[in-house]
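Peer 1: Quick one: sequence and predicted model below, then my questions.
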Amino acid sequence: MRVLAGHSQLRPASGSVNCRTRQNVAPFKIAAQRRAWATKPCPDSAVSRHGPSTIVRAVAEAVDQKSETGGLAVYDVDPQLRDFSDHLDYRWNQFQSVKGNIENAVGSLEDFSKGYEYLGFTRKDGKTIYREWAPGAKAAALIGDFNGWEPYWMNKDEWGVWSIELPDKEDGTPQIPHNSRVKIRLQSWGDWWCDRVPAWIKYATIPEGEMGAKYNGVYWDPPRGEKHLWRNRRPKRPQSLRIYEAHVGMSGEDEKVSTYAEFRDNVLPRIAKQGYTAIQLMAIQEHAYYASFGYHVTNPFAVSSRSGTPEELKSLVDAAHGLGLVVLLDVVHSHISSNADDGLAGFDLGQGQEANYFRSGEAGYHKLWDSRCLNYGHWEVQRYLLSNLRYWLEEFQFDGFRFDGVTSMLYQHHGINTAFSGHYHEYFGPQADVDACVYLMMANEVIHETHPDAITIAEDVSGMPTLCRPVQEGGLGFDYRLNMAIPDTWIRLLKEVRDEDWGMMDLVNALCNRRYTEKTVAYAESHDQALVGDKTIAMWLFDAEMYTNMSTLNEATAVTERGMSLHKMIRMVTMALGGEGWLNFMGNEFGHPEWLDFPREGNEWSHKHCRCAGISSPNHTLLTAIVCELCACASSATANDLVYHTQSVCAHLGTPIEPLTLGYVHMAHAIRAMQNVSAPAM
C-alpha cells in the first residue's frame, strides 16, 4: 500500500493492493510448460541457447475460439486451464449472452459504443438536445449560465432517460453558448434537491485560483474556426513498444501546472529524439483531486482543464503523431471518485443497483481507495464505459489505453489482503468478478475493431491467466500486461542485499517471470517510486550525493561510480529480459533527482516538487546525462553502436567507462537479438 503523505485519500502502488507480497505471476512448472510447447510447436528462432531453465519469449498464433481437442482455444495454449473449464466456459457464455443481447437490441457493439452521440449534449436539426440517464431522480431540470440558472424542466422516458430540446435562437445561434457553465438539477425520491455535473460532460472547470472549489460542467462546442483540424495520420503500431509515461501537469520546470501546449512544444520533441515509440499520458480524464495523480476520476469524458482545453489536447496528440509517436491514455474504469457534487458518483441518489452506475452496499464501495465501484453488469454502465473508450479513440485520436487498477476489477475482493501465489484456483471461481471480465472482453473487442492497430495494456498484479490472450480464444483480449514485480525486485535488492550477494539466476528468473504467450511491458521504476514517501532508483543509489557530487567537473566518488554503473545496468538488463515492451516514467531516464509531491495544505500548496526540473534541457555537465544518452539509443542501436556511443559519451563527459558496463552492453544485445521474435498479433 502506497500512501500519499499528508493526504486523506489512499492509493496502492500502481493499483496493487498488497505490495509487500505481490508477485507478477508464477510461471508454469517445467513439465506443464513442456506440455504447452508440445501442443503448439515453438519456432527454432524462439528457443533459448542457454538451456531449458531460461524462460523464452513465447510465439503463438491466435486461433479460433474452439480448441482442436474441444472447448475454448485457450486450453490449447495452456492445458492446465482445462481444470477450470467450468468457470472459463461460464465466463465465455456470459460474454456471448451479453454481447448477443446488445446486438439484438442495438445492432452491434460498434453502435452500442457510440452512446456519446445520443446521450449528453448533442446537436441536431437546429436544436441543442440534452439527455441524461438518471432513473433515481423524481424530477430533473437543466440549469446554467444560458438561462440564469433558472430550471428548464426535462421529460423522462420509460428507461429513466431525462431529455430536453432547445431550439436555436432566431439569429441561428444555439441557446447554450460554447464554453458556458451547465448543470442538471435533480430531485430525489426522498424529495431533496441537488445540482450535479452532467455525466457525459466533455469539459469541466473551477473558478481560477480557488483551491477546493467544486467543478462546473462546461458546454463545449467550439465554432468551426476554433476546432482543431487534424494534420497527421495515426502511426502504425510500433514493432518495438517503448513507452514514455508522462504527466502533463508536472512536465515543466516552472513551479506551476504545465499545459498541453507546453508539453507539445517542449517535451514531445525530446521524447521522439530519445527513441521512444509511444507516450502514455496520465491524469487526462478530469479529476477534482489533483494529488490523486489522476486516478480518482470525477468526469470520465472530460479533458482535465488544469492543463488546457480539449482542442489543445487534440493538438498535442496530433503533434505526437507527426513525430511518429503513438499516444496511449491512462484510462480509469476500475473505480470512480466518491465526489458527489461534481462527479459521476452524484447520480447515486440512493436507488438500488438495478438503476445505478454503482453496485449497492459494500460491493459499491472500495474501502482502500475511498471510491465507488461500478456496476459492470448493467446495460447503461456498459454503454457508458464502452462509449467512453470509443470517444477517446475517435474524438481525440488516442491509439490505445493503459487500463488502471485491473486487479481490482477482476476479483470481488479487489485483491485486498490477497497474496497471489500463482495457483490457478486463486483466479477462477466465485471470487472472480465475471461481470467485470465480460466488460473487459467487450472493451478490448470494441477498441480493436474501432482501431485495429490500437494497443491495450492491463495493470494487473495478480497474473491472471488468459488476461492477454485474444477474446476469440476465450481470453480477456489485452495486448500487454505490466510486469509490476520488476520494480519491487530492484528496490528490494537495493534496500536489503549487498551488491556482491545479488544472485544472478534469481534476478534472471524474476525478470523472466511472466506467462507463456502473454506479452509484458517491463520497467525498472514508474511514477510510484517517484512519489513522496518512496525513492527513485537514483535516490537509492546516490542518496545525498545526488545534490553534491554529480558534476563531471569534480572527481567521481565511490558512491557516484557505483551508482552510475548500477543505474545503467539495471535499465539495460530490464530492457533485455523483462518483457516485450519497455516503459520509463518522465524524468527517470536522467535520474530525476527529486521526489514528486503534489500541492497540498501540508506543503502550503507548493509546486516546488510537482515538476520535472531539467526535462527540457538536461544539464550535460551532470553524470546523469550519461544515463539519458544511453537510454536514448539503447532500444534501437546495435551492440557495436552502443559500445561506440557509450565510449563517446563518457569521453565527452570526462568519465571512465566501466569494463563491466561495456561487457553488459554486448550481453544485453545478444539476449535481445536472441529473443527478438514478434509475439502473435491480437
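Peer 2: Yes, it's here. Numbers count the residues shown, from 1 in each chain.
Peer 1: The stretch 151-300 of the chain: helices as residue ranges?
Peer 2: Here the stretch 151-300 of the chain has its helices, by DSSP state H, counting those that start in this stretch, at 260-262, 268-273.
Peer 1: quick one: average pLDDT of the longest one?
Peer 2: This means helix 268-273. The average pLDDT for helix 268-273 rounds to 93.
Peer 1: which of the helices of the stretch 151-300 of the chain sits most buried?
Peer 2: When these are scored by mean count of other Cβ atoms under 10 Å, the highest mean neighbour count falls to helix 260-262 (a mean of 22). Placement of C-beta: from N, CA and C, glycine included.
Peer 1: now the helices of the stretch 151-300 of the chain as JSON lines including distance to Ile176?
Peer 2: Listed next are the helices of the stretch 151-300 of the chain as JSON lines, based on distance: least, Cβ to Cβ, whole Å:
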{"stretch": "helix 260-262", "distance to Ile176": "25"}
{"stretch": "helix 268-273", "distance to Ile176": "34"}
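Peer 1: Where does the prediction get shaky in the protein?
Peer 2: Filtered on pLDDT under 70, the chain yields the residue ranges 1-69, 209, 211-212, 531-533, 590-594, 613-682.
Peer 1: top helix in the protein by residue count?
Peer 2: As assigned by DSSP state H, the longest helix anywhere in the chain is helix 85-106.
Peer 1: Going by neighbour count, which residues of the helix or strand that it is followed by are buried?
Peer 2: Downstream of helix 85-106, the next assigned helix or strand under DSSP states H and E is helix 109-112. Neighbour-count burial for helix 109-112, counted by 16 or more other Cβ atoms under 10 Å, picks out Leu109, Phe112.
Peer 1: name the helices or strands packed onto helix 109-112?
Peer 2: With contacts defined as 3 or more Cβ pairs under 8 Å, 6 or more residues apart in numbering; DSSP states H and E, helix 109-112 has these neighbours: helix 85-106, helix 379-395, helix 434-450.
Peer 1: Can I get stretch 266-283 in PDB, CA atoms only?
Peer 2: Output in PDB follows, covering the C-alpha atoms of stretch 266-283 (Å, rounded to 0.1, in the frame of the first residue of the first chain):
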ATOM      1  CA  ASN A 266       8.900  21.400 -25.200                       C
ATOM      2  CA  VAL A 267       8.700  17.800 -24.200                       C
ATOM      3  CA  LEU A 268       7.400  15.900 -27.300                       C
ATOM      4  CA  PRO A 269      10.500  16.600 -29.400                       C
ATOM      5  CA  ARG A 270      12.700  15.300 -26.700                       C
ATOM      6  CA  ILE A 271      10.700  12.100 -26.300                       C
ATOM      7  CA  ALA A 272      10.900  11.400 -30.000                       C
ATOM      8  CA  LYS A 273      14.600  12.200 -30.100                       C
ATOM      9  CA  GLN A 274      15.300   9.600 -27.400                       C
ATOM     10  CA  GLY A 275      13.900   6.800 -29.400                       C
ATOM     11  CA  TYR A 276      10.600   6.200 -27.700                       C
ATOM     12  CA  THR A 277       7.800   4.900 -29.900                       C
ATOM     13  CA  ALA A 278       4.800   5.700 -27.600                       C
ATOM     14  CA  ILE A 279       3.800   8.100 -24.900                       C
ATOM     15  CA  GLN A 280       1.400   7.200 -22.100                       C
ATOM     16  CA  LEU A 281      -0.500  10.200 -20.800                       C
ATOM     17  CA  MET A 282      -1.600  10.200 -17.200                       C
ATOM     18  CA  ALA A 283      -4.300  12.300 -15.500                       C
END
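Peer 1: how far is it from where the chain is centred?
Peer 2: The chain centre lies 15 Å from the centre of stretch 266-283; the measure is Cα atoms, centre = their mean, to the nearest Å.
Peer 1: Equivalent analysis for stretch 185-195, please.
Peer 2: With Cα atoms, centre = their mean, you get 35 Å for stretch 185-195.
Peer 1: Could you do stretch 237-249 as well?
Peer 2: The chain centroid and the centroid of stretch 237-249 are separated by 11 Å under Cα atoms, centre = their mean.
Peer 1: And stretch 412-419, by the same measure?
Peer 2: With Cα atoms, centre = their mean, you get 20 Å for stretch 412-419.
Peer 1: circling back to that earlier point, what angle do the longest helix of the chain and helix 434-450 make?
Peer 2: Using axes from the mean of the first three to the mean of the last three Cα atoms, to 10 degrees, the inter-axis angle of helix 85-106 relative to helix 434-450 is 60 degrees.
Peer 1: name the helices or strands packed onto helix 85-106?
Peer 2: helix 109-112, helix 379-395, helix 434-450.
Peer 1: Let's see that with 10 Å instead.
Peer 2: With contacts taken as 3 or more Cβ pairs under 10 Å, 6 or more residues apart in numbering; DSSP states H and E, helix 85-106 sits against helix 74-77, helix 109-112, helix 379-395, helix 434-450.
Peer 1: Can you show me the helices along the stretch 501-650 of the chain?
Peer 2: Secondary structure of the stretch 501-650 of the chain by DSSP H, counting those that start in this stretch: the helices cover 504-511, 527-530, 537-542, 558-577, 624-634, 639-653.
Peer 1: hang on, the earlier thing: for the longest helix of the chain, C-alpha coordinates in PDB please.
Peer 2: Provided in PDB are the C-alpha atoms of helix 85-106 (Å, rounded to 0.1, in the frame of the first residue of the first chain):
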ATOM      1  CA  SER A  85     -13.100 -25.100 -17.800                       C
ATOM      2  CA  ASP A  86     -16.400 -24.800 -15.900                       C
ATOM      3  CA  HIS A  87     -15.500 -21.300 -14.900                       C
ATOM      4  CA  LEU A  88     -13.900 -20.300 -18.200                       C
ATOM      5  CA  ASP A  89     -16.800 -21.700 -20.200                       C
ATOM      6  CA  TYR A  90     -19.300 -19.900 -18.000                       C
ATOM      7  CA  ARG A  91     -17.400 -16.700 -18.500                       C
ATOM      8  CA  TRP A  92     -17.300 -17.200 -22.200                       C
ATOM      9  CA  ASN A  93     -21.100 -18.000 -22.300                       C
ATOM     10  CA  GLN A  94     -21.800 -14.800 -20.300                       C
ATOM     11  CA  PHE A  95     -19.800 -12.800 -22.800                       C
ATOM     12  CA  GLN A  96     -21.700 -14.300 -25.700                       C
ATOM     13  CA  SER A  97     -25.000 -13.700 -23.900                       C
ATOM     14  CA  VAL A  98     -24.400 -10.100 -23.000                       C
ATOM     15  CA  LYS A  99     -22.900  -9.300 -26.400                       C
ATOM     16  CA  GLY A 100     -25.800 -11.100 -28.100                       C
ATOM     17  CA  ASN A 101     -28.400  -9.100 -26.200                       C
ATOM     18  CA  ILE A 102     -26.700  -5.900 -27.200                       C
ATOM     19  CA  GLU A 103     -26.600  -6.900 -30.800                       C
ATOM     20  CA  ASN A 104     -30.200  -7.900 -30.800                       C
ATOM     21  CA  ALA A 105     -31.300  -4.600 -29.400                       C
ATOM     22  CA  VAL A 106     -28.900  -2.200 -30.900                       C
END
